[in-house]
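>>> Requesting a structural model of the entry that follows:
(one chain, ligands or ions: 3)
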Amino acid sequence: MALVTTKEMFKKAYEGGYAIGAFNVNNMEIVQGITDAAAELKSPVILQCSAGARKYANHQYLVHLVKAAMEVHPELDLVLHLDHGADFETCKSCIDGGFTSVMIDGSHHSFEDNIAVTKKVVEYAHAHGVVVEGELGQLAGVEDDVNVSAADAKYTRPEEVQEFVEKTGVDSLAIAIGTSHGAFKFTPAQCTRNENGVLVPPELRFDILDKISEILPQFPIVLHGASSVVPEYVKIINAHGGKLADAIGIPEDQLRKAATKAVCKINVDSDLRLALTAGIREYFDANPQHFDPRQYLSPARAYIKEIVAHKIKDVFGSDNTL
Ligand code: G3H
Ligand code: 13P
Ligand code: ZN
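Ligands and ions are numbered 1, 2, ... in the order given. As a prediction, this is how the structure comes out:
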């Protein structure tokens with residue numbers, strides 16, 4: 001079985017009112033945790049690699065880890081995607097190297113330059129059977145090679161999306177409607193508190209999403225920076241020597257709402273990092289005498305599987321859609 005593109009996947013997700021999880025992969029345990037969960041729940045899944053992942057693990061290892069997952073789970077539909085491709089050369093090397101989908105992140109360029117670089121990637125990608133995600137608007141937080149402060153973050157301008165999609169030919173569009181990268185998406189001052197004293201972040205700008213989908217009917221939209229910053233994992237980390245004060249993510253009900261609308265791909269990295277770290281910290285606290293990586297990475301991998309399964313089933317709604 002070959003890797004697939006997102007084309008059919010997004011069409012079904014749009015029509016079915018659900019979204020596909022796009023999970024960042026950096027090592028074997030992460031690939032295993034994600035794909036074991038997806039296989040158990042009969043869900044398609046996107047495995048995405050950032051420039052940082054390619055630098056850490058090496059492109060070949062990542063491609064072959066994903067190929068191994070395909071052999072183990074031949075029933076799965078898997079997409080191998082480049083996350084935040086910084087330029088044409090990076091996208092080209094992933095297209096040439098077996099990826100089925102790439103993101104060209106030209107969001108920090110001017111509108112015209114973003115169109116130019118995105119169009120160039122689309123022409124090369126489509127000639128090789130690969131799909132392309134573009135980005136309009138800027139999320140706050142740290143993306144590979146791009147550090148955007150909250151003050152510089154810009155919501156996507158609906159009046160730009162039609163021209164961008166028409167001129168570039170992109171297959172999907174990442175938009176900025178209030179999500180951001182990392183585990184500290186909002187300051188406590190930006191939040192309100194619910195009756196239990198828990199911080200509640202401001203709502204995503206669903207008005208912008210709705211406007212965009214009116215202008216681009218049936219067009220797949222992507223949400224970056226969409227980790228919920230799972231409070232249970234933050235608690236475990238902090239209870240076992242970690243220091244993650246005021247970590248706040250996107251509430252699950254808002255992601256669920258986005259998935260029922262035009263959002264077909266939801267990006268998650270920080271929640272996987274938290275799950276892995278929670279598993280390892282908890283293990284070492286209970287077993288300080290142990291030093292076998294297989295021992296402390298097993299519960300960490302189990303937490304990855306647990307959180308991915310929860311998102312697929314309870315938040316994105318992509319279970320039983322294969
Ligand atoms: O959007 C950014 C992703 O979380 C990737 O992070 O560049 O540290 O691999 P990374
Ligand atoms: P999080 O930091 O919210 O997990 O976002 C990940 C992401 O957008 C990867 O491109
Ligand atoms: Zn991102």
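
>>> And the residue of the stretch 51-200 of the chain that's closest to ligand 1?
G52 (3.2 Å; C-beta to the nearest ligand atom). In short, each C-beta sits where N, CA and C put it, glycine included.

>>> so what pLDDT did that residue get?
With respect to pLDDT, G52 scores 97.

>>> Now do the same for it: helix, strand or coil?
helix (DSSP: H, G, I helix; E, B strand; the rest coil).

>>> what's around it, how many residues?
Other residues near G52 come to 16 when the count uses other C-beta atoms under 10 Å.

>>> Then K305?
For K305, using other C-beta under 10 Å, the count is 19.

>>> What's opposite the residue nearest in space to the middle of the chain in the beta bridge?
The centroid of the chain falls nearest to N267 when counting by C-alpha atoms, centre = their mean (1.6 Å). Counting by DSSP bridges, N267 is bridged to A22.

>>> Surely it touches H224?
Yes - taking contacts as C-beta atoms under 8 Å, N267 lies within contact range of H224: 4.7 Å.

>>> so how many other residues sit close to R256?
There are 15 residues near R256, going by other C-beta under 10 Å.

>>> so it is in which element?
helix 252-260 (DSSP states H and E).

>>> The residue nearest to C49 when sequence neighbours are not counted sits in which helix or strand?
Residue nearest to C49 in three dimensions, not counting chain neighbours: L62, with 5.1 Å by C-beta to C-beta, 6 or more residues apart in numbering. Applying DSSP H and E as the criterion places L62 in helix 59-72.

>>> State the three-state secondary structure for I312.
helix.

>>> residue contacts, it?
21, 37-38, 41, 43, 45, 318-319 (C-beta atoms under 8 Å, 6 or more residues apart in numbering).

>>> Using the three-state scheme, assign the spatially most distant residue from the centre of the chain.
No residue in the chain sits farther from the centre than Q289, which is 35.7 Å out by C-alpha atoms, centre = their mean. Following three-state DSSP, Q289 is assigned to coil.

>>> Ok, E203 next?
coil.

>>> neighbours around the spatially closest residue to it that is not a sequence neighbour, how many?
Leaving aside its sequence neighbours, E203 sits nearest to Q254 (C-beta to C-beta, 6+ apart; 6.6 Å). Residues lying near Q254 (other C-beta under 10 Å) number 21.

>>> My guess is Q254 contacts V200. True?
No - in this structure, Q254 is not within contact of V200 by C-beta under 8 Å, at 10.4 Å.

>>> Now for the residue nearest to the centre of the chain: which residues touch it?
N267 sits in contact with 22, 24, 48, 83, 222-226, where contact means C-beta under 8 Å, 6+ apart.

>>> Equivalent analysis for L209, please.
175, 177, 221, 258, 261-263.

>>> Next: G169.
119, 122-123, 126, 132.

>>> helix, strand or coil for the residue nearest to D271 when sequence neighbours are not counted?
Take D271 and drop its neighbours on the chain: the residue closest to it by C-beta to C-beta, 6+ apart is S227, 4.2 Å away. With three-state DSSP as the basis, S227 sits in coil.

>>> and the residue nearest to the centre of the chain, how far is that from ligand 1?
7 Å (C-beta to the nearest ligand atom, to the nearest Å).

>>> Close to ligand 2: what parts of the protein are there?
Residues of the chain lying close to ligand 2 (C-beta under 6 Å from any ligand atom) are 24, 83-84, 181-182, 224-227, 267-271.

>>> give me the low-pLDDT residue ranges for the chain?
1, 141-153 (pLDDT under 70).

>>> where exactly do the helices run in it?
Secondary structure of the chain (DSSP state H): helices at 7-16, 28-40, 51-57, 59-72, 88-96, 111-127, 158-168, 206-215, 231-239, 252-260, 270-286, 293-310.

>>> OK, contacts around the spatially closest residue to H128 that is not a sequence neighbour?
Setting aside the residues directly before and after it, H128 is nearest to I95 in space (C-beta to C-beta, 6+ apart), at 5.2 Å. Contacts for I95 (C-beta under 8 Å, 6+ apart) come out as 102, 124-125, 128, 130.

>>> Write the ChimeraX selection for whichever of the residues you listed are buried.
Selection of buried members from the contacts of I95 for ChimeraX, criterion 16 or more other C-beta atoms under 10 Å:
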select :102,124,125,130
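
>>> Flag every buried residue along stretch 254-262.
So for stretch 254-262, counting by 16+ other C-beta under 10 Å, buried means 254-255, 258-259, 261-262.

>>> ok, now which ones touch the residue nearest to S172 when sequence neighbours are not counted?
Distances taken as C-beta to C-beta, 6+ apart put P220 closest to S172, at 4.2 Å, once the chain neighbours are dropped. P220 is in contact with 6, 10, 13-14, 171-173, 262, 264-265, counting by C-beta under 8 Å, 6+ apart.
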